Structure formats: C-alpha cells, structure tokens
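*Asks:* Dropping a prediction and its sequence here:
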Amino acid sequence: MSAGPFPALACDYDGTLALHDRMAPATVEALARARDAGTRLLLVTGRTLFELTRVCERLDLFDAVVAENGGVLYFPADQALREEGPPPPPRLLEELDRRGVPFQVGHVVVATLHRHREAALEAVRAAEVTVDMAENRAALMLLPPRISKGTGVRSALLALGIPPRDVLAIGDAENDLPLFEACGWSACPEDAVTEVRRRADWVLPGAAGEAVGRAITDRILTGKLPPPRHGEHFIHLGWVTTTADPVELGGHGINVLVGGDSLCGKSSFVGGLVERLAATHEGVCVIDPEGDYRVLGELPGAQVVTVTREEDWNEIAAALAWHTPVVADLSGLAHPALGALVTGGLARLSRTRARCGRPHWIFVDEAHYLLQGPSAAVRGGDPDAKGVCLVTYRPSVLPAALVAAMDVFVVGRVSDEAELAFLEHSLDARGIPGAVVRRAAGGLPTGAFVLARAGTPPVTFIPPPRAIRHIRHRTKYSGQRVAPHQAFFFRSPDTSVVATAATLEEFVAHLEAMRPATLTHHAGRGDFSRWIRDVFQDDLLAARLAKLERRWCRGELPQFRREVAGLLQAAFGAGPGAR
C-alpha cells in the first residue's frame, strides 16, 4: 500500500477540523468527498457529546464519534451511545465545587481549564479518588484510569471492523498523542503543539481546518502524501558486509523481486522479512505453493489457511482484517492446478486491498511458474498498486511487464549464466549497474544478498537472524542408524530393491549413484520427502525436499542429486565424510 488512500481517518475536532467551534464549508466538503470515496470517518474529541452536538452540525458524516477523550462512543447511523468508563464520582464533584473550580460534567469526563490544575489536584486528593489527567492546550480533563483518545478509538475501530494499523489519525494537541499511538499513521496541521508536530508522520501545510480539508482533498484521497518522516516505516534488511552499515527500504510504494539459486537462502530471507513486517503490524499475505512458509504460523497473530479451491480466498481476505501474516498454503495441490487458482486469488486480494487497504504486502513464492501465464496473472498481481514481492530462482521466465514493475532487486547467489545475463540486462534498463550486480551475485556465499535499486550503488548485505528457525538442525542424525523397518529402500521402476540406506550418509551416497529412472520413480511418488518427514520428524526439511522432487519431475532441476545432498548437509551435516 502507498501512504494513501487510507481506509479510515480518525480526526480531532477543535484545532484540527474546526476553528472557533465550527468546520469551514471547504472542510465539510472534503469530509463528504472522503466518505463518498469509501473512506470511513471517525471524529475524536475531548468535548462532551452534548457540547459537540451544539457546535458540530454534521455528525452524520462520521461512522463513529469518540467523545469525552475516549470516554464515550456514539454511532450516528443508529444513534447508539456507549459509555467506556464509569460516571464521575459525586464526591469528586463536591470537592471541586468546594474549591470554586469551574467544571463541566459529561457521561464519563469532568472538564475544566488548565489554570485550575493545582486546585483540581487538591480536590482529587481530598476526594480520595483515582483519575487520569489529560491536557488539551488550555483545557484539562479528569478521566477514569486507562481512558484516552487511544482507548476510545481502538474500541470504535473494533466495532467498525477496521484494523488500527491502516488508519490515519489527525490531531493537534497533547491529548491526541494517544490517538496517534492507537493508529498506524499520524498527521497534524502546521499550528499543532510542538510535541505533536515532532511525533506526526506528516505535517500538513496550513493552519487548523483549512490545512486538513485541503490535505484530504489534494493529498490523502489521491495518495500524494510524501514519504513519512519516521524510521519505523522503513524495513530493516540487514547490514552491509564490508562496513556493517544498516540496509533499509522504504516500507511502502515499492515492488521487490527476490532472486537467486535454490538453497542460496531466499526462503529464509523472505521469511525473516515477513517476520519483521508482521512485528510492525503490516498486513502481509504470503502465497506459498510449496509449504515453505507454514512455519510463520507460529508468529503471534499469524494464520495459515489451506487453499484448495477458489472459495478459500474468501477466508484469506477475512483473515487479513485481523491477522498478519496470513499464509495461503497451496502445497496440497498439483502443479497444473495452481496457475488459475493463484490468478483468481491475486485478483481477490487486489479487490480486498482496494476496499480496505489490506494486505499492505503480497508475497508470491515460486513466481516463475505461478505467474508465467497470460496477462491475467499480471493483472491479478496488480504491480502498479505496489507492495508486491516476487520470489523466484528463474526471473527470466516472468512476464516482461511484471519484471518491469519491480523497483528493488534482492539477489542471492546465481550460478546459471542465462539468469545472470537476464539480471544484468534488466538492471541496466533501470539505470542500475547490472555488470556490478552480476559479478557480485555469481560469487555470493549462502545467506548473503545484493541489494540493487535505482539511485544508489548496489550493496552486499547479510540479513538479521530469523525469529523462527527456518530449518531445525539435527546433526546428531548424520551417521545414526535407523531401525531396519525405517531404512530407505531404493527401488527401480519395476519395484526391485537396488540399495538400502539405514543412515543419512548412506542415503546421500546411494543417491549419487542412482540412475535417473530410479530417481524419477521415487521423486514422483514423494518417497524421499516422506522418509524425512516420517522417520526424522522434520516437516520443514521434508517440505523443501518435496519442492526439489517436484522440480526434478518437471525437468527443471538437472542437478537434483547435488541439491538434495546440499540440503541434507545444511540440515543434518549429512553426506560422505560429513562427520
């Protein structure tokens, strides 16, 4: 997702939408235009609801009103009112009155002026009650503990079914800071208080009312806000190998291609990238045809959905409202069935994104065969909307329009000369020194990558460690013999036994000597991956081995023996002489 449009705006009233109690006609028009465009609107104010209805004549524009600094929710469509806290204690009101403190009582809040703060504190102590004090320029509000604009807007968003991460909060005063914390994005007019200007992602040119109305029309609804000012909206990729400088990407408005050989570390890098995006509450959907990313289901708030039919994308779309990441697991389907299903799924995700802003990121693994087909696959990926990450070891077979839509290239080790040539040509077309990247990618160690993008020199970097281990290492199994009934029996296509492996080292040694017909016999049935799963209880390794089996059977992996040996060596230390 770009910085806008946003599915919802949560706006303060006084000093933000309104000046001297009233909203200007141009501001009202901007709000109406936003509502007509499908943007949900929340009004968030410290005023009591009674006082708000006196000064604001267009509450009908808003899906929800958060009044009394979070103490009251009001939904204009059905005139439903909900109190978020208890009423003010009578003895507090008595103590305030005894001290001559002028105040206004709402359903939950007691409002006075900041110049009476010391007298109000004395009243609170004398009444022996517990309150939180919220400042709003010259105003002072006494509230039940843990009530703020932030808590109120979270409750309203939950009732409306809107993920807080996707909401732009707009305010101008101290009590708007909790509102900013509750939402994913924040903005303020130029005349906001200093602390608010310092915290906001965007400072909107102009003063209260006119600045916000103009920004809604000209910048927010059109997606023309500049990049946000704060680093939390950048993605940390890792560190430059030579200098240890941090490597970052702007978190929005880009498409990324991740390429490189099998076993160069692509899946681990992408999994870590998804983990870091999820940690900042970015909405992420991973389209996983091989089962490599099921492990992400262990992340807090994540969900893995098995996709076997078109209707399952509806469950994916629903999950994206509240879960991140969401993994669309298509590993149970045969390769020929994936293309049309993924194309339809990408189109469904694009419609969901247009409606509610999520997912912010769509990751497509094994993009070389999922997106090879007609232009419908490219349209389904919606690269112009940005926030697309394609993962592939064969970018050369992707549609040219899709490659052209990529802004950033992250490249692991590439040993295929044809792929290196394609990479160089694609980068040169963008003004990126392709020859530099080609030389670096050809000699990278496993787990290192080159970042290439227009405007900056390519850099080689290493990513941070995974939060969840991608492969569980079990080196103790390298030479350990399994029970006789658990051994792997290599059989020729006529089912006669040609060799038996009781250890992983024996398995790798026999694999090297097997005829192609024997390999195809076992790989086509998934025997190798099934043995790893059933005997060694390693689902993740089995899933990666199953991917190699399928590639061998499709004729895409002539170096199958070497790839399997490397995979087992990395996981278990298995192989001739490994010990």
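*Replies:* That came through fine.
*Asks:* so where's the stretch 101-250 of the chain uncertain?
*Replies:* Flagging of the stretch 101-250 of the chain using pLDDT under 70 yields the residue ranges 230-233.
*Asks:* hmm, try it at 90
*Replies:* Scanning the stretch 101-250 of the chain for pLDDT under 90 picks out the ranges 104, 130-132, 134-139, 146, 158, 160-166, 184, 207-211, 222-236, 249-250.
*Asks:* Could you do the stretch 351-500 of the chain as well?
*Replies:* 351-358, 360, 369-387, 401, 446-447, 465-486, 494-495.
*Asks:* for it, what spans make up the strands?
*Replies:* According to DSSP state E, counting those that start in this stretch, the stretch 351-500 of the chain carries its strands in the segments 361-364, 388-392, 408-411, 449-453, 456-462, 488-491, 497-501.
*Asks:* Quick check: which of the ones you listed is buried the most?
*Replies:* The highest mean neighbour count among these belongs to strand 361-364 (a mean of 27), with neighbours defined as mean count of other C-beta atoms under 10 Å. Yep, even glycine has a C-beta here, placed from its N, CA and C like the rest.
*Asks:* That one pairs with which strands, parallel or anti?
*Replies:* Next to strand 361-364 in the sheet, as set by DSSP bridges, lie strand 284-288 (parallel), strand 388-392 (parallel).
*Asks:* Export the strands of the stretch 351-500 of the chain as JSON lines, with columns for distance to Pro228.
*Replies:* Formatted as JSON lines, the entries for those read as follows, by distance: least, C-beta to C-beta, whole Å:
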{"stretch": "strand 361-364", "distance to Pro228": "16"}
{"stretch": "strand 388-392", "distance to Pro228": "20"}
{"stretch": "strand 408-411", "distance to Pro228": "18"}
{"stretch": "strand 449-453", "distance to Pro228": "19"}
{"stretch": "strand 456-462", "distance to Pro228": "19"}
{"stretch": "strand 488-491", "distance to Pro228": "54"}
{"stretch": "strand 497-501", "distance to Pro228": "56"}
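*Asks:* State the mean pLDDT of stretch 50-68.
*Replies:* Taken as a whole, stretch 50-68 carries a mean pLDDT of 94.
*Asks:* distance between the ends of that stretch?
*Replies:* Across its full length, stretch 50-68 reaches 10 Å between end residues, using C-alpha to C-alpha, to the nearest Å.
*Asks:* for that stretch, the distance to its chain's centre please.
*Replies:* Relative to the chain's own centre, stretch 50-68 is displaced by 33 Å; criterion: C-alpha atoms, centre = their mean, to the nearest Å.
*Asks:* repeat for stretch 256-271
*Replies:* Remark: stretch 256-271 is offset 18 Å from the chain centroid, using C-alpha atoms, centre = their mean.
*Asks:* Using a markdown table, lay out the strands paired with strand 361-364 together with distance to Arg229.
*Replies:* Rendered in a markdown table, the data for those read as follows (distance: least, C-beta to C-beta, whole Å):
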| stretch | distance to Arg229 |
| --- | --- |
| strand 284-288 | 23 |
| strand 388-392 | 24 |
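*Asks:* domains of this structure?
*Replies:* Structurally, the chain divides into domains by automatic domain parsing as follows: 8-84+147-220, 232-462, 475-572.
*Asks:* quick one: which of those domains is nearest Glu128?
*Replies:* Proximity to Glu128 (C-beta to C-beta) singles out domain 8-84+147-220 among the domains of the chain, at 19.2 Å.
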